[in-house]
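**Student:** What follows is a predicted protein model with its sequence.
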Amino acid sequence: MKIYLDLVMILNFAIDFIILLSVSLILKRNIKITRIMLGAFIGGISILFLFFNINSILLFLFKVIISILMILITFGYRNIKYTLVNILYLYMSSIILGGFLYLLNLEFSYKHVGIIFFNNGLSINFIFLLIFSPIILYIYIKQTKNLRYNYSNYYNIDIYLKNKKYRYTAYMDSGNVLVDSLTKKPVILIDKRKLLFNIKEFRLIPYMGVGGSSMIKVVKVDKILFNNKEYNNILLGIMDKISLDGVDVILNRKLLEE
C-alpha cells in the first residue's frame, strides 16, 4: 500500500479546519479564519506521529495535548470554563464527523488506516470526504442551533387553582398573544389531555387558530409561577391538543412583556 504523506496532511488539515470552524459557529466565537487555519495546521502536522512507533497510551495523551493546543491557539484563553466548553464542542463535532467516517467505512467496505480509507490504493473517498464533511457538520450546526433556541424557551410552570399546585412543562410561544376581549387578561393554553384537575366552571372566548376562528374554554386560575416570577389575573385556555415535543402548556408572550 502506498501512502501519500502530503495528501494525508492536507486531508487532516481540512478536517481539523472544518471541525474548528464548526465550534466557532456553534459557540459564536467570532474568530478570524487565520487563527482557525493555524489551529488546524497544528492538528494537521500531528498526523505525522501516527507513523512513529508509539504505544497507544502515549498516543492518546498526545492527541489530548494536541486538541488542547489547537483550542488555545484558535480561541485563546480567557478562563477555565471558556476553554473547557471549547474543548467539549471540539470533541462533540469530532464524534459527529467520526461517526460519519465510520459509516462510510461500513457502507463501502473500505479498508482504512486511521482516517485514511482505501480500496486498491488511495481512492476517490479523499475528495468525497472533503466535499461531504462540511455538509454533515453544517447539518449538525443547524440542528444544534435549533435545539438551543427551542429548549431555551422551555420552562417549568406551577399553576395554582383552588389552593392546589400543579406542575407542567411550558413553552414560550411568541405567536401566542391571545387576550380575553372582555377582561383584557392574557390567556395561556393547556393540552386538555394533561389536565390534573377537573374543570367545572368555565366560559367561552373567541380564539383564532391555524384552522380559523373558533371558541375556546377558559378558566380563571389563582396564579402561575414560572421563571421565578408570580403572575396573577391569568386565564387558562383548554386546547384539544398541543403538538410540541414534551409541552403541556403554551405561555403567552405578554407575560414576558410584563
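**Tutor:** Okay, I see it.

**Student:** contacts, neighbours, all on C-alpha from now
**Tutor:** Noted.

**Student:** which of the residues in the longest helix seen in the chain are buried?
**Tutor:** Taking DSSP state H as the criterion, the chain has its longest helix at helix 80-108. Using 16 or more other Cα atoms under 10 Å as the test for burial, helix 80-108 gives Thr83, Asn86, Ile87, Tyr89, Leu90, Ser93, Ser94, Leu97, Phe100, Leu101, Asn105.

**Student:** now these in JSON lines, with pLDDT and distance to Val221?
**Tutor:** JSON lines is the format used below for the buried residues of helix 80-108 (pLDDT from 0 to 100; distance: Cα to Cα, whole Å):
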{"residue": "Thr83", "pLDDT": "90", "distance to Val221": "46"}
{"residue": "Asn86", "pLDDT": "91", "distance to Val221": "45"}
{"residue": "Ile87", "pLDDT": "91", "distance to Val221": "47"}
{"residue": "Tyr89", "pLDDT": "88", "distance to Val221": "43"}
{"residue": "Leu90", "pLDDT": "90", "distance to Val221": "47"}
{"residue": "Ser93", "pLDDT": "85", "distance to Val221": "46"}
{"residue": "Ser94", "pLDDT": "84", "distance to Val221": "49"}
{"residue": "Leu97", "pLDDT": "78", "distance to Val221": "50"}
{"residue": "Phe100", "pLDDT": "73", "distance to Val221": "51"}
{"residue": "Leu101", "pLDDT": "67", "distance to Val221": "54"}
{"residue": "Asn105", "pLDDT": "61", "distance to Val221": "58"}
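
**Student:** Format those as JSON lines; extra columns: distance to Ile42.
**Tutor:** Listed next are the buried residues of helix 80-108 as JSON lines, based on distance: Cα to Cα, whole Å:
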{"residue": "Thr83", "distance to Ile42": "17"}
{"residue": "Asn86", "distance to Ile42": "16"}
{"residue": "Ile87", "distance to Ile42": "15"}
{"residue": "Tyr89", "distance to Ile42": "18"}
{"residue": "Leu90", "distance to Ile42": "14"}
{"residue": "Ser93", "distance to Ile42": "18"}
{"residue": "Ser94", "distance to Ile42": "16"}
{"residue": "Leu97", "distance to Ile42": "19"}
{"residue": "Phe100", "distance to Ile42": "23"}
{"residue": "Leu101", "distance to Ile42": "21"}
{"residue": "Asn105", "distance to Ile42": "26"}
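
**Student:** Which stretches in the stretch 51-200 of the chain count as helices?
**Tutor:** With DSSP state H, counting those that start in this stretch, the ranges of helices along the stretch 51-200 of the chain come out as 56-75, 80-108, 125-151.

**Student:** Those: which one's closest to Asp191?
**Tutor:** Proximity to Asp191 (Cα to Cα) singles out helix 125-151 among the helices of the stretch 51-200 of the chain, at 18.8 Å.

**Student:** Under the pLDDT cut-off, which ranges of the chain? List them.
**Tutor:** Across the chain, the ranges flagged by pLDDT under 70 are 1-6, 50, 101-130, 146-152, 209-212, 256-258.

**Student:** how far away is the closest residue in space to Arg253 that isn't next to it in sequence from Ile47?
**Tutor:** Once flanking residues are discounted, Arg253 sits nearest to Ser174: 5.3 Å by Cα to Cα, 6 or more residues apart in numbering. Here Ser174 is placed at a distance of 49 Å from Ile47 (Cα to Cα, to the nearest Å).
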